[in-house]
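Trainee: Okay, predicted coordinates and the sequence, questions at the end:
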Amino acid sequence: MTKNRLVKEYLIITAGTFIISLTVYFFMIPSNAIVGSLSGLAIVISHFMPLSISAITFILNAVLLVIGFVFIGREFGGKTVYTSILLPAFLWVWEVLFPDQRSLTGDPLLDVTCHVIIVSFGLALLFNANASSGGLDIAAKMLNKYLHIELGRAMTMAGMVTAFSAILIAGTPILVLSVLGTYCNGFVLDHFINGFNRRKRVCIITGEHRAIQEFIIRSLNRGVTLYPAMGGYNEEEKTELVTILTRNEYAVLLKYLHTIDEKAFVTVSTVNEVVGEWNIRKAPLKISKDNLKIL
């Protein structure tokens, strides 16, 4: 992994952890709803032990990190060490700066709704960088790795136990809200993850396949597959090019197609996930200022 890519990943991880800490402190804690997570479990335990939520979160994370290193791998565990220290640190900062934990909305339902949407975005950032916020995310990642369960569903399964612990500190309405919030969190998380992973599968039938092939390989730094094709109307032989691109790369390719062959036949479909060497770049994307105008 290059230095620039490593720095970028840790910036993303820091941003994701910061977002998670905000929504935990300003939405989940005031509502008393325990939307399944280690922070939620820490909230429950804090009612029975004379420790701050940040301290309990740190202790629980330390225990679960050992499991992450053993069963998931060094890279995931190493990044999660960083987030497991950073999340309690952010929570401690909020505890010092805003000791009066009042609800921002004044309504537990709105608090849980805001928490589910915002925390799912933060978690998706972490998972996209092959990290997590620690805690129950480690259990979800293990379910994903060994049982091939979608991360959102795995998060739901791992979090339900914590959600049911809400009955220890609140009434039945909050318990129901905690369970529903945990269940919905999985769907919202999958939505964000799919958005990050979504790519364009572009199929092009053209008489200028050599030039387009060269552009995809040299300018976009992406692979391309060639297939022989014959038109059914006039039986003219042409070549079909198939490539997988990001949204921005597709926009650049489309502009190039308009200059090289306006009659090119192009079909585009959405790909939710790409596995393999697709994500490995040998060189940075070469996009001119003119191309950037269309993005």
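Mentor: Great, that's in hand.

Trainee: Make sure Ile244 is indeed in a strand.
Mentor: Yes: applying DSSP: H, G, I helix; E, B strand; the rest coil, one finds Ile244 inside a strand.

Trainee: and it, what pLDDT?
Mentor: Looking at Ile244, its pLDDT reads 90.

Trainee: and if you look at Leu189?
Mentor: 76.

Trainee: Who are the packing partners of the helix or strand encompassing it?
Mentor: If you go by DSSP states H and E, Leu189 is part of helix 172-197. In terms of contacts (3 or more Cβ pairs under 8 Å, 6 or more residues apart in numbering; DSSP states H and E), helix 172-197 is packed against helix 108-128, helix 151-164. Placement of C-beta: from N, CA and C, glycine included.

Trainee: hey, C-alpha coordinates of the first one in PDB?
Mentor: Taking only C-alpha atoms (Å, rounded to 0.1, in the frame of the first residue of the first chain), the coordinates of helix 108-128 have been written out as PDB:
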ATOM      1  CA  PRO A 108     -36.600   9.800  21.500                       C
ATOM      2  CA  LEU A 109     -38.000   8.700  18.100                       C
ATOM      3  CA  LEU A 110     -36.300  11.600  16.300                       C
ATOM      4  CA  ASP A 111     -33.100  11.000  18.200                       C
ATOM      5  CA  VAL A 112     -33.000   7.300  17.200                       C
ATOM      6  CA  THR A 113     -33.900   8.200  13.600                       C
ATOM      7  CA  CYS A 114     -31.100  10.700  13.400                       C
ATOM      8  CA  HIS A 115     -28.700   8.300  15.100                       C
ATOM      9  CA  VAL A 116     -29.400   5.400  12.700                       C
ATOM     10  CA  ILE A 117     -28.900   7.500   9.500                       C
ATOM     11  CA  ILE A 118     -25.800   9.300  10.700                       C
ATOM     12  CA  VAL A 119     -24.100   6.400  12.400                       C
ATOM     13  CA  SER A 120     -24.700   4.200   9.400                       C
ATOM     14  CA  PHE A 121     -22.900   6.700   7.200                       C
ATOM     15  CA  GLY A 122     -19.900   6.800   9.600                       C
ATOM     16  CA  LEU A 123     -19.800   3.000   9.800                       C
ATOM     17  CA  ALA A 124     -19.900   2.700   6.000                       C
ATOM     18  CA  LEU A 125     -16.900   4.900   5.800                       C
ATOM     19  CA  LEU A 126     -15.000   2.700   8.200                       C
ATOM     20  CA  PHE A 127     -16.000  -0.600   6.500                       C
ATOM     21  CA  ASN A 128     -15.100   0.900   3.100                       C
END
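
Trainee: now whatever helix or strand comes next after it and helix 151-164, what's the angle there?
Mentor: With elements assigned by DSSP H and E, the helix or strand that comes after helix 108-128 is helix 136-147. Calculated by axes from the mean of the first three to the mean of the last three Cα atoms, to 10 degrees, helix 136-147 forms an angle of 130 degrees with helix 151-164.

Trainee: In helix 136-147, which residues are buried?
Mentor: Leu136, Asp137, Ile138, Ala139, Ala140, Lys141, Met142, Leu143, Asn144 (16 or more other Cβ atoms under 10 Å).

Trainee: Setting the sequence-adjacent residues aside, check what's closest to the third one.
Mentor: Pointing back at Ile138 there. Setting aside the residues directly before and after it, Ile138 is nearest to Gly68 in space (Cβ to Cβ, 6 or more residues apart in numbering), at 4.4 Å.

Trainee: Secondary structure element for the one you found, which one?
Mentor: Counting by DSSP H and E, the element that carries Gly68 is helix 53-71.

Trainee: so that helix versus helix 136-147, what angle?
Mentor: Using the same axes, to 10 degrees: helix 53-71 against helix 136-147 is 20 degrees.
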